[in-house]
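Undergrad: Here you go, sequence then predicted model.
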Amino acid sequence: MVHTLVIGGGIAGTAAALALHKAGSDVTVYEAHPDAAEDIGAFLTLASNGMRALAQIDASAAVTAVGFPLRSMRVLDDTGATVAHVPLGEAGDPLLRYRCLHRGELATALQAEAVRRGIGIRHGARLSSVQDTPDAVTAHFTDGSTVTGDLLVGADGLNSVVRHGLAPAVRPRYAGQRVFYGCTDDPLLAEENAGESERLTMVRGSGTAFGYAVSPAGETYWFARVAGEQLAAEEIADGTPGHWRELLLPLLRRDTTPAAGVVAVTTDRLMVTNTMEIPTGTPWRSGRVLTIGDAAHAASPATGQGASMALEDAVVLAKCLRDAPGTEAALSLYESLRRPRVEDNVTVSGNISRGTPPPPRPGRGVHASRPGDDDLVRHLDWHTGLWTEAEDSTPGSRPH
């Protein structure tokens, strides 16, 4: 049985562990943080493709136990007028509906499911380096401990130690926007937005992209994307919710939309981050080492696809390792299937954040076609083989 070391117990890493375990691998997850609640202040939305990936590794129930579904999206212009109201993804299928939840809640739910299945998770294990040989791969941790396995999957996020070992010159780069995240349970706001549950509202402001959703419990989750210079790490660390609120409100008050009112009543649950991305073309693998998720292809959050793409990674990787005749063939197949799709997301999301008009493509908005969309259901379906499909493709198209 293949022994796989997964570095990083966030969304990508724990989902990969669940998928690899289902595929028959012996998996252990090594997480640097002492618990699962990293980045609890930010929230995210899982799109239908991410929810489909979760269904293939039997993790739907674990995730739908937290957060709340989103069935439709309303779009407002800078005057507050509704310019569109459309279904979100595969809203008709309860398992595939978009879902809004805290990043920390998602990580905790996935880790709890992994533990329930007998997958080992070691917290407080901070990676320092990786030693890759033809016969095995060894992870070295900052506490002096080591562990050896047959494959190492680096799911250690934007500032990946695993990626640094593969591509020392690659650094995350700023994508042109700061993102503010907030949450409020203000009762008057909840009363005003009664009936808004299960709907995402996007506001195309004159200088700010704003979005919010109201939970069944009356909490309003919101984000704002604002163009500007990259914030220094010290400024982010020292900033207070009040400071960020007062920085954002004048920008939102230029328009007559609900955005300023939502932010004005957000008192303590408010944070800001820089939008960052990994340059396309970055090496993902060498020998027995592979990066996935944000470690390989972090994108700005403008398309809202980061977590969902990471969940796709997990399923496709496990299926490639299950189906292909050997690790090298599996990793080559994985990269050939995943790189066009996820790097398109990096490019499109970066263009949105920088205000660069995207090239035309079939569909619009959340319905726009991405590379791999036509094949996604088949690639994620646990019962379809990926290697046989590669063998049956046209001559010369099989990954090397």
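TA: Here it is on my side, so go on. Numbering: from 1, shown residues only.

Undergrad: got a list of what Gly304 touches?
TA: Shown in contact with Gly304 (CB atoms under 8 Å, 6 or more residues apart in numbering): 44-45, 47. Every residue, glycine included, has its C-beta placed from N, CA and C.

Undergrad: likewise Cys320?
TA: 330-331, 333-334, 337, 386-387.

Undergrad: Among the residues you listed, name the buried ones.
TA: With neighbours counted using 16 or more other CB atoms under 10 Å, the contacts of Cys320 contain these buried positions: 330-331, 333-334, 337, 386-387.

Undergrad: what's downstream of the lengthiest helix in the chain, the next helix or strand?
TA: In the chain, assigned by DSSP state H, the helix with the most residues is helix 327-354. For helix 327-354, the following helix or strand on the C-terminal side (DSSP states H and E) is helix 373-380.

Undergrad: mind listing what's buried in that following helix?
TA: Using 16+ other CB under 10 Å as the test for burial, helix 373-380 gives 376, 379-380.

Undergrad: and if you look at stretch 54-73?
TA: Quick answer for stretch 54-73 (16+ other CB under 10 Å): 54-57, 59-60, 62-64, 67-70, 73.

Undergrad: Quick check: buried residues in the longest helix of the chain?
TA: Within helix 327-354, the residues that count as buried by 16+ other CB under 10 Å are 327, 329-335, 337-339, 341-353.

Undergrad: quick one: average confidence on stretch 386-398?
TA: Average pLDDT, stretch 386-398: 61.

Undergrad: What helices and strands are in contact with the host helix or strand of Met202?
TA: If you go by DSSP H and E, Met202 is part of strand 199-204. Using 3 or more CB pairs under 8 Å, 6 or more residues apart in numbering; DSSP states H and E, the elements in contact with strand 199-204 are strand 72-76, strand 208-214.

Undergrad: most neighbours per residue, which of these?
TA: Highest mean neighbour count among those (mean count of other CB atoms under 10 Å): strand 208-214, with a mean of 23.

Undergrad: The chain - how does it break down into domains?
TA: Domain assignment for the chain by automatic domain parsing gives 3-67+99-172+278-391, 175-275.

Undergrad: Please identify the deepest-packed of these.
TA: Of the domains of the chain, domain 3-67+99-172+278-391 is the most buried (mean count of other CB under 10 Å), at a mean of 20.

Undergrad: Identify the residues contacting Ser286.
TA: So Ser286 contacts 132, 166 (CB under 8 Å, 6+ apart).

Undergrad: and if we set it to 10 Å?
TA: 130, 132, 165-167, 331 (CB atoms under 10 Å, 6 or more residues apart in numbering).

Undergrad: Same check on Ala299?
TA: Ala299 neighbours (CB under 10 Å, 6+ apart): 175, 275-278, 280, 305-306, 309, 342-350, 352-353.

Undergrad: need the strands for the stretch 51-200 of the chain, in chain order.
TA: Assigned by DSSP state E, counting those that start in this stretch, the stretch 51-200 of the chain shows strands spanning 68-70, 72-76, 82-87, 98-102, 120-123, 127-132, 137-141, 146-149, 151-154, 173-184, 199-204.

Undergrad: hang on, the earlier thing: which of the contacts of Gly304 fall within strands?
TA: Cross-referencing those against strands under DSSP state E gives 44-45.

Undergrad: okay if I get the contacts of Gly304 as a markdown table plus pLDDT and distance to Val214?
TA: Shown next, in a markdown table, are the contacts of Gly304 (pLDDT from 0 to 100; distance: CB to CB, whole Å):
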| residue | pLDDT | distance to Val214 |
| --- | --- | --- |
| Leu44 | 94 | 16 |
| Thr45 | 95 | 13 |
| Ala47 | 97 | 19 |
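
Undergrad: Closest to Asp313 out of the contacts of Gly304?
TA: For the contacts of Gly304, the residue nearest Asp313 by CB to CB is Ala47; the value is 14.2 Å.

Undergrad: Ramachandran angles for that closest one?
TA: Note on Ala47: its backbone torsions stand at phi -80, psi 170 [degrees, to the nearest 10].

Undergrad: gap between it and Arg370?
TA: Here Ala47 is placed at a distance of 11 Å from Arg370 (CB to CB, to the nearest Å).

Undergrad: same check, this time on Ala12
TA: Distance of Ala12 to Arg370, computed by CB to CB: 18 Å.

Undergrad: Same question for Gly304.
TA: Distance, Gly304 to Arg370, by CB to CB: 13 Å.

Undergrad: my guess is Ala318 contacts Ala19, does it?
TA: Yes - with contact defined as CB atoms under 10 Å, Ala318 reaches Ala19; the gap is 3.5 Å.

Undergrad: what do those two both touch?
TA: Residues touching both Ala318 and Ala19 (CB under 10 Å, 6+ apart): 25, 27, 56-57, 382.

Undergrad: Turn the residues you listed into a markdown table, columns for pLDDT and distance to Ala224.
TA: Shown next, in a markdown table, are these (pLDDT from 0 to 100; distance: CB to CB, whole Å):
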| residue | pLDDT | distance to Ala224 |
| --- | --- | --- |
| Ser25 | 96 | 41 |
| Val27 | 98 | 38 |
| Gln56 | 98 | 34 |
| Ile57 | 98 | 33 |
| Trp382 | 97 | 38 |
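
Undergrad: Nice, that's everything, thank you.
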